[in-house]
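# Structure for the following, please:
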Amino acid sequence: MAKIGFIGLGNMGLPMARNLMKAGHRVTGFDLAEDACAALTADGGSRAGSAAAAATAVEVVVSALPAARHVRAVYQGSGGILAAAAPGTLFIDCSTIDVDTARDVIAEAGERGQAMVDSPMSGGVGGATAGTLTFMVGGGEDAFAAARPVLEAMGGNIFHAGAAGAGCAAKICNNMMLAIQMIAVCEGFNLAERLGLEAAKLYEISSTATARCWSLNDYCPAPGPVPASPANRDYEPGFAAALMLKDLRIAMQAAQGAGAHTPLGAQATQIYALMELAGQADRDFSGVIRLLRGEM
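Now for the predicted structure:
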């Protein structure tokens, strides 16, 4: 079993670190939040005093950070974890960031004699807790092979998307589609309510018909039909609207740079920006159903 440093013990990172420990790995974690570090140590992990310390004397470093600027700040520079870690260390960054940042950091790791993959994940807090996440991995074949056993302790589906940055490309495309689908499902349930059709009945029909999708079948935004969905706990986030908006903005920047036409993605970005302006960015992204109802 490996010695693993884990940086970023948030809603996703902490349960991921716990699953690594359940698989027998020794985990040393770091997070700016005191309670997150305390939770890790309570479960048998060790606490590092800094990100650089978490990357020292370990074989693997896993990171789950909010945005590209955090990844660059943690990884790069004289005080970064690439400088702190020994040659041969494997880095697995599970953050959802832009492709260029992923490629830059992976290139620097290679220059230092280290291996690295970009490996954003999908599946939300539920998937992180259950160890059923989907990982989309970018990087060389050897780095992917080295990362796979670690990722398998945290996820059920591990895909090698391609070279450096391909994991991030897959993730932003996936989340753009997810945002569009969620808005469509919300509009369907809102229309059904106005027409006098019960949410449970629409779910029963549509979840087996051509509208079926993850946003409907597994994460229904209307209270009732899917007991485990955030809709039944006041939209407490499994995946916060703020994070969805961040991912959509990354996707739109990428689309502009690539010359890709994404009109529905652009509209979804505007809708989630309105949710943010309404002060609901900390709610689950499925809570956009309330915005579309005019309740915000």
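
# any idea how far residue 141 lies from residue 117?
11 Å (Cβ to Cβ, to the nearest Å). The C-beta positions use only the backbone N, C-alpha and C, and glycine is treated the same way.

# Give me the more crowded residue out of those two.
Between residue 141 and residue 117, counted using other Cβ atoms under 10 Å, the more crowded position is residue 117 (29 against 9).

# wait, is the more buried one part of a helix?
No - using DSSP: H, G, I helix; E, B strand; the rest coil, the assignment for residue 117 is strand, not a helix.

# Leaving out sequence neighbours, find the closest residue to it.
Closest residue to residue 117 apart from its sequence neighbours, by Cβ to Cβ, 6 or more residues apart in numbering: residue 139 at 3.5 Å.

# Same question for residue 217.
Closest to residue 217 by Cβ to Cβ, 6+ apart is residue 207, at 4.9 Å.

# what does residue 181 give?
residue 215 (4.5 Å).

# And residue 252, by the same measure?
Using Cβ to Cβ, 6+ apart, the nearest residue to residue 252 is residue 269, at 5.6 Å.

# cool, and residue 264?
Nearest to residue 264 is residue 180, by Cβ to Cβ, 6+ apart, at 4.9 Å.

# just checking, the one you found touches residue 268?
Yes - contact criterion Cβ atoms under 8 Å: residue 180 and residue 268 qualify, at 5.1 Å.

# Please report how far residue 160 lies from residue 117.
Taken as Cβ to Cβ, the span from residue 160 to residue 117 is 9 Å.

# what residues are shared contacts of the two?
Both residue 160 and residue 117 are in contact with 137, 144, where contact means Cβ atoms under 8 Å, 6 or more residues apart in numbering.

# if you skip the residues just before and after it, what's nearest to residue 95?
residue 65 (4.4 Å).

# Need the pLDDT of the one you found.
If you check residue 65, the pLDDT there is 96.

# show me the contacts for it.
7-8, 71, 74, 93, 95.

# one more time with 7 Å
Shown in contact with residue 65 (Cβ atoms under 7 Å, 6 or more residues apart in numbering): 8, 71, 74, 95.

# isn't there a strand covering it?
No - assigned with three-state DSSP, residue 65 falls outside any strand and is coil.

# For residue 17, see how far away it is.
Distance from residue 65 to residue 17, by Cβ to Cβ: 14 Å.

# what's the answer for residue 131, then?
Distance from residue 131 to residue 17, by Cβ to Cβ: 11 Å.

# cool, and residue 39?
Between residue 39 and residue 17 the computed distance is 9 Å (Cβ to Cβ).

# Can you pull the phi/psi pair for residue 235?
Note on residue 235: its backbone torsions stand at phi 60, psi 40 [degrees, to the nearest 10].

# Could you verify my assumption that it touches residue 287?
Yes - the pair residue 235 / residue 287 is scored as a contact, 3.5 Å apart, by Cβ atoms under 7 Å.

# Looking at the two, which has the bigger crowd around it?
residue 287 (26 against 23).

# List the residues that contact the more buried one.
Counting by Cβ under 7 Å, 6+ apart, residue 287 makes contact with 235, 241, 280.

# Just give me the neighbour total for the second one.
If you count neighbours by other Cβ under 10 Å, residue 241 ends up with 26.

# and it, backbone torsions?
phi -60, psi -30.

# just to confirm, which helix or strand has the nearest residue to residue 66 once chain neighbours are set aside in it?
Once flanking residues are discounted, residue 66 sits nearest to residue 95: 7.3 Å by Cβ to Cβ, 6+ apart. Residue 95 belongs to no helix or strand when assigned by DSSP states H and E.

# Quick check: mean pLDDT of stretch 274-294?
Mean predicted confidence for stretch 274-294 is 97.

# i'd like the first residue to be 49 from this point on
Right, with 49 as the first residue, what we last looked at is stretch 322-342.

# chain center to it, what's the gap?
Relative to its chain's centre, stretch 322-342 lies at 19 Å (Cα atoms, centre = their mean, to the nearest Å).

# Tell me the span between the first and last residue of that stretch.
Stretch 322-342 has an end-to-end distance of 11 Å (Cα to Cα, to the nearest Å).

# can you pull the buried residues of that stretch?
Using 16 or more other Cβ atoms under 10 Å as the test for burial, stretch 322-342 gives 323, 328-329, 331-340.

# Please identify the buried residues of the helix or strand of the chain with the lowest mean pLDDT?
The weakest-scoring helix or strand in the chain, judged by mean pLDDT, DSSP states H and E, is helix 172-178 (a mean of 91). Neighbour-count burial for helix 172-178 flags 172-177 (criterion: 16+ other Cβ under 10 Å).
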